[in-house]
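Trainee: Need coordinates for the following:
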Amino acid sequence: PGSTFKVIAAYAPALDNADMTLATVFDNAPYAYSNGVEVNNWDSNNAYTGLTTIRSAITNSINVVTVKCLTEITPRLGFEYAEKFGITTLYDDEGLDVRQPLALGGVTDGVVNLELTEAYATIANGGQYNNPKFYTRIEDQNGNVIIDNSPVSTTVLKESTAFLLTSAMQDVVTSGTGTAIDLGDMPVAGKTGTTSSYKDIWFSGYTPYYTCSVWGGYDNNDDLPNSDIYHTYHKTLWNAIMNRVHASLRVKQFEKPDNIETAQVCKKSGKLAVKGVCEADPRGSQVYTEYFARGTAPTDTCDAHIAMKVCSETGLKPTTTCNTATRIFIQRPKGSEGTTDDSKYAPPSGTCSGHTIVDKIKDLFNGKDKDKIPEASTKDKDKDKNKDKDKDKDKDKPKAEEDADKPSGAGDASSGENDSKDNPANADD
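Mentor: Next comes the predicted model:
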């Protein structure tokens, strides 16, 4: 089932039974299974996005976060929920299916399409599982019920959990890995799934009316051809089927339970956003509004972002000789390893070597500290203005008779040519 199983085995039990929320954060960084095998993210760039919420991990189908989530809640709990969802092909064996790869759909015998569809229908149905039936009853010619085959309903998820998963999977379709899914104005929630080398391709999704899963692949488990149409035709089929089924149905939205509330949180911590800090992340605001089951919204404030004074020139910890600036940094969890998108925004560990008076003078001449050059006082400005007025008056005075016939000499102070040559303020550099 590939990544379609992430919701069933990892995120559903995490939200329903492990005190996690869609805002819970994991560090999407290099990570390995307990046996040492590296967990790779599916995208071609093998991107490590750093601190990442469960909502974002569902939307963008991030493997590392999913495996970390299942590891924290335990593969045993994930296995138990998968069985509650009606998956009957799993082996209750820690050497087979009760282990970390369960998070990514790495199960021994795979799944049956009907059972996976019913698992997603359970989420669509507010957490109520109905055993799939192809008929509900058989009547005789008089309308008497001979066989009653009505499905038996059992509760798998809290209604609030089902809504939260639906909300996250709507993002899959609107901005994540399922953007090819399109039913016009009809809302859709769902999850894509792909196994290694495109042996299997899946899309399981639902509307407020119907649930549908489409699988693509070969019965002999060969790889699908390396062509875009062979990697996307399952979504084309899903669109064709569901558009026809919904053609005459009015658009309606997924119902939100009364016990759902919202809070403004930080994407990097999953905690309440700090005004002036979380929105000042160098990559843009990390503040968003998240849904929570009543009583589960965070009460602590973001501790991933820190506002710190640094040397404005070197970006290092400042000394007493530094001009400082306040900048926003990301503080990764203790024990974090490897490089992620957050790494370049870590707070500085080194301290600036300081700035001497010579450095200050150089900065003044280079214009770096031009704002710090003091202006002349008002009194000095007034004196300069008065001097200029006196000069203008002297120019207007008639020459003395004995000087009236003298020509202007080369060294005369009134010569503009001589002034431009001797005044460095007017000379070329």
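
Trainee: quick one: Cys69 from Ala10, how far?
Mentor: 5 Å (Cβ to Cβ, to the nearest Å). All C-beta spots, glycine's among them, are computed from the backbone N, C-alpha and C.

Trainee: In terms of neighbours, single out the busier of these two.
Mentor: More neighbours surround Ala10 than the other of Cys69 and Ala10, with 32 against 24 (other Cβ atoms under 10 Å).

Trainee: Can you tell me how far that one is from Val245?
Mentor: For Ala10, the distance to Val245 - Cβ to Cβ - is 30 Å.

Trainee: Verify the contact between Phe273 and Cys302 for me.
Mentor: One correction, residue 273 is Ala, not Phe. Yes. Contact criterion Cβ atoms under 8 Å: Ala273 and Cys302 qualify, at 5.9 Å.

Trainee: Report the set of residues contacting both of these two.
Mentor: Residues touching both Ala273 and Cys302 comprise 265-266, with contact defined as Cβ atoms under 8 Å, 6 or more residues apart in numbering.

Trainee: circling back: quick one: common contacting residues for Cys69 and Ala10?
Mentor: With Cβ under 8 Å, 6+ apart, Cys69 and Ala10 have common neighbours Ala103.

Trainee: Does the residue nearest the centre of the chain belong to a helix, a strand or coil?
Mentor: Most central in the chain under Cα atoms, centre = their mean is Ser56, positioned 5.7 Å from the mean C-alpha point. Counting by DSSP: H, G, I helix; E, B strand; the rest coil, the backbone at Ser56 sits in helix.

Trainee: do the one 5 residues further on as well
Mentor: When classified by three-state DSSP, Ser61 comes out as coil.

Trainee: OK, contacts around it?
Mentor: 3, 6, 42, 172, 176-177, 191-192.

Trainee: In the stretch 301-429 of the chain, where is pLDDT below threshold?
Mentor: Applying pLDDT under 70 to the stretch 301-429 of the chain flags residues 358-360, 362-365, 367-429.

Trainee: Can you tell me how far Trp215 is from Thr117?
Mentor: 10 Å.

Trainee: quick check, Asn239 in a helix?
Mentor: Yes. Counting by three-state DSSP, Asn239 is part of a helix.

Trainee: could you show me where the strands are in the stretch 101-250 of the chain, in order?
Mentor: 128-130, 137-139, 145-148, 153-155, 189-194, 200-206, 211-217 (DSSP state E, counting those that start in this stretch).

Trainee: Would you reformat those strands as CSV and include mean pLDDT, distance to Lys268 and mean neighbour count?
Mentor: Shown next, in CSV, are the strands of the stretch 101-250 of the chain (pLDDT from 0 to 100; distance: least, Cβ to Cβ, whole Å; neighbours: other Cβ atoms under 10 Å):
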stretch, mean pLDDT, distance to Lys268, mean neighbour count
strand 128-130, 97, 35, 17
strand 137-139, 95, 54, 11
strand 145-148, 95, 54, 10
strand 153-155, 96, 35, 12
strand 189-194, 96, 24, 27
strand 200-206, 97, 29, 26
strand 211-217, 97, 34, 21
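
Trainee: how about CSV for these, with distance to Leu316 added?
Mentor: Listed next are these as CSV, based on distance: least, Cβ to Cβ, whole Å:
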stretch, distance to Leu316
strand 128-130, 58
strand 137-139, 77
strand 145-148, 76
strand 153-155, 57
strand 189-194, 44
strand 200-206, 50
strand 211-217, 54
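
Trainee: out of these, nearest to Ser349?
Mentor: strand 189-194 (40.3 Å; Cβ to Cβ).

Trainee: And the contacts of the closest one?
Mentor: Contacts of strand 189-194 (Cβ under 8 Å, 6+ apart): 1-7, 42, 58, 61, 105, 120, 123-124, 165-167, 169-170, 172-173, 177-178, 181, 200-207, 231, 235, 254.

Trainee: Select only the buried ones of those in ChimeraX?
Mentor: ChimeraX command restricting the contacts of strand 189-194 to the buried ones, with burial defined by 16 or more other Cβ atoms under 10 Å:
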select :1,2,3,4,5,6,7,42,58,61,105,120,123,124,165,166,167,169,170,172,173,177,178,181,200,201,202,203,204,205,206,207,235,254
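
Trainee: Which ones among the contacts of strand 189-194 map onto helices?
Mentor: In helices, judged by DSSP state H, the following of the contacts of strand 189-194 are found: 4-6, 58, 120, 123-124, 165-167, 169-170, 172-173, 231, 235.

Trainee: Pull the most distant pair out of those.
Mentor: Ser167 and His231 (27.2 Å).

Trainee: Report the buried residues of stretch 237-253.
Mentor: 238-239, 242, 246.
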